[in-house]
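*Asks:* Quick one, fold the following:
(2 chains)
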2 protein chains.
Amino acid sequence: MSLVEIPPRSGAAFSLKAGQTLKVIDPQGTQVSDLLAFAADDVREVISNGRTFDYEETISLTTGNTLWSNRSNRLLEIVEDSVGRHDFLLTPCSEATFRHFYPEHPVHRGCFGNLAEALAPYGVEADAIPVAFNVFMNVPVDGATGKIEVLPPTSAPGDYIRLRAECDLVIGLTACSAYASNGGSFKPIHYEIE
Amino acid sequence: MSLVEIPPRSGAAFSLKAGQTLKVIDPQGTQVSDLLAFAADDVREVISNGRTFDYEETISLTTGNTLWSNRSNRLLEIVEDSVGRHDFLLTPCSEATFRHFYPEHPVHRGCFGNLAEALAPYGVEADAIPVAFNVFMNVPVDGATGKIEVLPPTSAPGDYIRLRAECDLVIGLTACSAYASNGGSFKPIHYEIE
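*Replies:* Numbers count the residues shown, from 1 in each chain, chains lettered A, B, ... in the order given. Next up is the predicted model:
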């Protein structure tokens, strides 16, 4: 399949079959893409940051790590990663997070609204959208105090991550809409199914 | 209301009205209690570790911090905390986590199974159980590598946390069933609605 562009501040949903690999590319650098994965045969099964942290015994996920579901099944394995810095702590930006963090800016429905619209045809309700795997998002944690910061991604133009589906999935994917997560500018995301 | 005991390796669910305070007590010390909170008028609204980390800007939650919902509403505020060490990263232990982490021990349904049974009468499906706020659970994060460890709680006999309901809630609460989280022994948890 050829390359697909997700325009700035928008989202997409699509099928990914077991064994296929999804390549998520940051074409211009310093951009975030929120990724969700649901089991295609029952979308109540979904990626879970808590199960993933449990089984991987780390909050820093890169090549060799697996994204697990709320039913303790393997959904995606990270098979290649040219960045090594992603986030699985924070929820997709939404109208409420725009009001909270950017009161001086117009409210935007954010990745949450973009994911909700793109995933609705697959039977996913907005309330069932969990913490996304935030590709390229740079959220350092201070181990001593627990404080977190949202810094610009370290991804350079053309950087990418490749994830292999362990079962048939429905994927939600965005080009992030928030200011802090991408260093203040809005850019597209590219993806390719291999 | 008088003190209620949750026996070792079991769970409970109950209503907590707006303005009431829930006191969770570790009577013997070094025990964990998984806490869930759902909006009573629509249980699709539930505590969210990701939204909480977003708004509180920390993964270490104690007095003054709020537990937020997936709809960006305040559900519980921590008003007093004699321990200061809790976890909001990891999912409730379950049959699958027992098989994974304790292959030499009998499988137990864990906090996940206990919460699922206790919450079913309130219309909560097992798949809708998110990461719990794991009261007294001691999970240090290495900020440099992202690695996490599960250590025995630092709670002493009689230590407690008090949380005030910001709206009418359904609470799920356990006395934890896993080996690592409580230093290898199973103990009760006490709670009181004030």
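
*Asks:* Disregarding flanking residues, what is the spatial nearest neighbour of the residue lying farthest from the centre of chain A?
*Replies:* Relative to the C-alpha centroid of chain A, counting by Cα atoms, centre = their mean, residue A:144 is the outermost residue, at 26.6 Å. Nearest non-adjacent residue to residue A:144, counting by Cβ to Cβ, 6 or more residues apart in numbering or on different chains: residue B:143, 7.3 Å away. Every residue, glycine included, has its C-beta placed from N, CA and C.

*Asks:* wait, doesn't that neighbour sit right on residue A:147?
*Replies:* No - using Cβ atoms under 8 Å, residue B:143 is not in contact with residue A:147, being 9.4 Å away.

*Asks:* Could I get the phi/psi values of the residue nearest to residue A:181 when sequence neighbours are not counted?
*Replies:* Closest residue in space to residue A:181, ignoring its immediate chain neighbours: residue A:32 at 4.5 Å, by Cβ to Cβ, 6+ apart. Reported as degrees, to the nearest 10, the phi and psi values for residue A:32 are phi -110, psi 150.

*Asks:* Please tell me how far residue A:32 sits from chain B.
*Replies:* Distance of residue A:32 to chain B, computed by Cβ to the nearest Cβ, to the nearest Å: 14 Å.

*Asks:* Let me see the confidence value for the residue lying closest to residue A:110 once chain neighbours are set aside.
*Replies:* Counting by Cβ to Cβ, 6+ apart, the nearest residue to residue A:110 once its immediate chain neighbours are dropped is residue A:93, at 3.6 Å. Per-residue pLDDT puts residue A:93 at 93.

*Asks:* now residue A:179
*Replies:* 83.

*Asks:* That one against residue A:105, yeah?
*Replies:* Yes - Residue A:179 lies in contact with residue A:105 (Cβ under 8 Å); the separation is 6.9 Å.

*Asks:* So those two - more neighbours on which side?
*Replies:* The residue with more neighbours, out of residue A:179 and residue A:105, is residue A:179; 17 against 11, by other Cβ atoms under 10 Å in any protein chain shown.

*Asks:* Excluding chain neighbours, what is closest to that one?
*Replies:* Distances taken as Cβ to Cβ, 6+ apart put residue A:102 closest to residue A:179, at 5.9 Å, once the chain neighbours are dropped.

*Asks:* The one you found - how many residues pack around it?
*Replies:* Residues near residue A:102, counting by other Cβ under 10 Å, number 15.

*Asks:* same question, residue A:68
*Replies:* With other Cβ under 10 Å as criterion, residue A:68 counts 24.

*Asks:* Residue B:143 and residue A:147: who's more crowded?
*Replies:* Neighbours per residue, other Cβ under 10 Å: of residue B:143 and residue A:147, the larger number sits with residue B:143, 18 against 15.

*Asks:* host element of the more buried one?
*Replies:* Here residue B:143 is covered by no helix or strand, with elements defined by DSSP states H and E.

*Asks:* check contacts around it.
*Replies:* Contacts were defined as Cβ atoms under 8 Å, 6 or more residues apart in numbering or on different chains; by that measure residue B:143 touches A:140, A:141, A:142, A:143, A:144.

*Asks:* Closest to residue A:191 out of those?
*Replies:* Within the contacts of residue B:143, the smallest distance to residue A:191 is 26.0 Å, found for residue A:140 (Cβ to Cβ).

*Asks:* My guess is that closest one contacts residue A:150. True?
*Replies:* No - taking contacts as Cβ under 8 Å, residue A:140 lies outside contact range of residue A:150: 9.0 Å.

*Asks:* Who has more neighbours out of those two?
*Replies:* Shown here are residue A:140 and residue A:150; by other Cβ under 10 Å, residue A:150 has more neighbours (22 against 16).

*Asks:* Please give me every residue in contact with that one.
*Replies:* Contacts of residue A:150 (Cβ under 8 Å, 6+ apart): A:90, A:137, A:138, A:139, A:180, A:181.

*Asks:* My understanding was that the residue nearest to residue A:110 contacts residue A:112; is that so?
*Replies:* Yes - between residue A:93 and residue A:112 there is a contact at 6.4 Å, judged by Cβ under 8 Å.
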